[in-house]
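**Q** how would this look folded up:
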Amino acid sequence: MTILESIIIAIVEGLTEFLPVSSTGHMILAEGLMRMENTEYLRAFTVMIQFGAILSVVMLYLERFLPWRNQPIGGNYGLSGWSLYGLMIIGCIPAGVLGLLLEEYIDQLLGNLWVVIAMLFVGGLVMIYMDRRFTNKTPRTVTPRRAFTVGLFQCLAMIPGVSRSMATIFGGMQQGLTRRQAAEFSFFLAIPTMFGATLLKAYKLYKSSGIDVFSENWQTLLIGNVVAFLVALAAIKLFIGIVTKYGFRVFGYYRIVIAIVFAILMLMGVPIHLS
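**A** Below you'll find the predicted structure:
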């Protein structure tokens, strides 16, 4: 992997990780356009640079993570202090268990562009439906039961192209949370889920390739995480503004359009695939 390739993939990750458009799907499409080799390191890289993205959430919402903010101060409704830590742990349990059981199968799906395109299209329809169906504007406390239910929805994101953000936001709104609450809890739930996935992927890469793979690729890993962090900072702020003003339907339309565009390109024989 070249430095330029790592920067491009990291920009895509930072822009799309917290938007309900599937960061993994977009990274796979970007890798396909660049005709990158579908190596074990490339698959690990797309996971490990998520660490930079989740650091942006910690920085933007640092006050929420302070332990003494345990009460729903300022309208946080449980999403602050020790309560937030507990809810994050509960919410990531389903994906953690299922991810360990299905890791090899998930890796096989990562190279299938048609799966990504199909899920982008279907997810777009879901986003439009969700925006019309769930319109609650009264904040509710995020209880452990609601957190666990959102965690179950998060498991859907193991299919490339579904979008972890979309799945968790959909789960949150199905549980009666407002758009902003659902989006913010989706951000917070990403921290333990993606941190665990990063550690697991790094360990698997070490077991199969040894320490040399990290010493040989430390530059792309470092640059990828830094770029993903900086881009995600801006993307989160933009996302909250769009959701608050326009809702989620704009992302649904975007998913449908990009799925159709890439499907047409594939059918026309344009070389979009991993080597």
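**Q** any stretches of the stretch 151-275 of the chain with poor pLDDT?
**A** Across the stretch 151-275 of the chain, the ranges flagged by pLDDT under 70 are 271-275.
**Q** against which helices or strands is the longest helix belonging to the chain packed?
**A** As assigned by DSSP state H, the longest helix anywhere in the chain is helix 212-246. The contact analysis (3 or more Cβ pairs under 8 Å, 6 or more residues apart in numbering; DSSP states H and E) places helix 212-246 against helix 3-16, helix 40-48, helix 50-60, helix 179-209. Placement of C-beta: from N, CA and C, glycine included.
**Q** same list (those helices) but as JSON lines, adding mean neighbour count and distance to Val126.
**A** Output for these, formatted as JSON lines (neighbours: other Cβ atoms under 10 Å; distance: least, Cβ to Cβ, whole Å):
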{"stretch": "helix 3-16", "mean neighbour count": "21", "distance to Val126": "17"}
{"stretch": "helix 40-48", "mean neighbour count": "21", "distance to Val126": "23"}
{"stretch": "helix 50-60", "mean neighbour count": "21", "distance to Val126": "23"}
{"stretch": "helix 179-209", "mean neighbour count": "20", "distance to Val126": "14"}
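**Q** so which of these is nearest Trp82?
**A** Comparison of these against Trp82 by Cβ to Cβ identifies helix 179-209 as nearest, at 13.3 Å.
**Q** tell me which other helices or strands the closest one touches.
**A** If you count contacts as 3+ Cβ pairs under 8 Å, 6+ apart, helix 179-209 packs onto helix 40-48, helix 50-60, helix 81-109, helix 144-154, helix 164-174, helix 212-246.
**Q** switch those over to JSON lines; also include distance to Phe195.
**A** As requested, these are exported to JSON lines (distance: least, Cβ to Cβ, whole Å):
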{"stretch": "helix 40-48", "distance to Phe195": "11"}
{"stretch": "helix 50-60", "distance to Phe195": "6"}
{"stretch": "helix 81-109", "distance to Phe195": "9"}
{"stretch": "helix 144-154", "distance to Phe195": "14"}
{"stretch": "helix 164-174", "distance to Phe195": "13"}
{"stretch": "helix 212-246", "distance to Phe195": "12"}
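**Q** give me phi/psi at Thr135?
**A** phi -130, psi 20 (degrees, to the nearest 10).
**Q** again with the one 5 residues further on
**A** Reported as degrees, to the nearest 10, the phi and psi values for Arg140 are phi -130, psi 150.
**Q** okay, the residue lying closest to it once chain neighbours are set aside and Val122: tell me how far apart.
**A** In space, and not counting its chain neighbours, Arg140 is closest to Gly176: 5.3 Å by Cβ to Cβ, 6 or more residues apart in numbering. Distance from Gly176 to Val122, counting by Cβ to Cβ, to the nearest Å: 24 Å.
**Q** equivalent analysis for Leu177, please.
**A** 23 Å.
**Q** in terms of neighbours, single out the busier of these two.
**A** Leu177 (27 against 16; other Cβ atoms under 10 Å).
**Q** got the contact list for the nearest residue to that one once chain neighbours are set aside?
**A** Residue nearest to Leu177 in three dimensions, not counting chain neighbours: Arg140, with 6.0 Å by Cβ to Cβ, 6+ apart. Residues in contact with Arg140, defined by Cβ atoms under 8 Å, 6 or more residues apart in numbering, are Tyr77, Arg146, Gln175, Gly176, Leu177, Thr178, Gln181.
**Q** residues of the longest helix of the chain that come out buried?
**A** For helix 212-246, a neighbour-count test (16 or more other Cβ atoms under 10 Å) marks 213-214, 217, 220-221, 223-233, 235-236, 239-240, 243 as buried.
**Q** report the angle between the axes of the following helix or strand past that helix and helix 212-246?
**A** Note on helix 212-246: by DSSP states H and E, the next helix or strand toward the C-terminus is helix 249-267. Helix 249-267 and helix 212-246 meet at an angle of 130 degrees, taking axes from the mean of the first three to the mean of the last three Cα atoms, to 10 degrees as the criterion.
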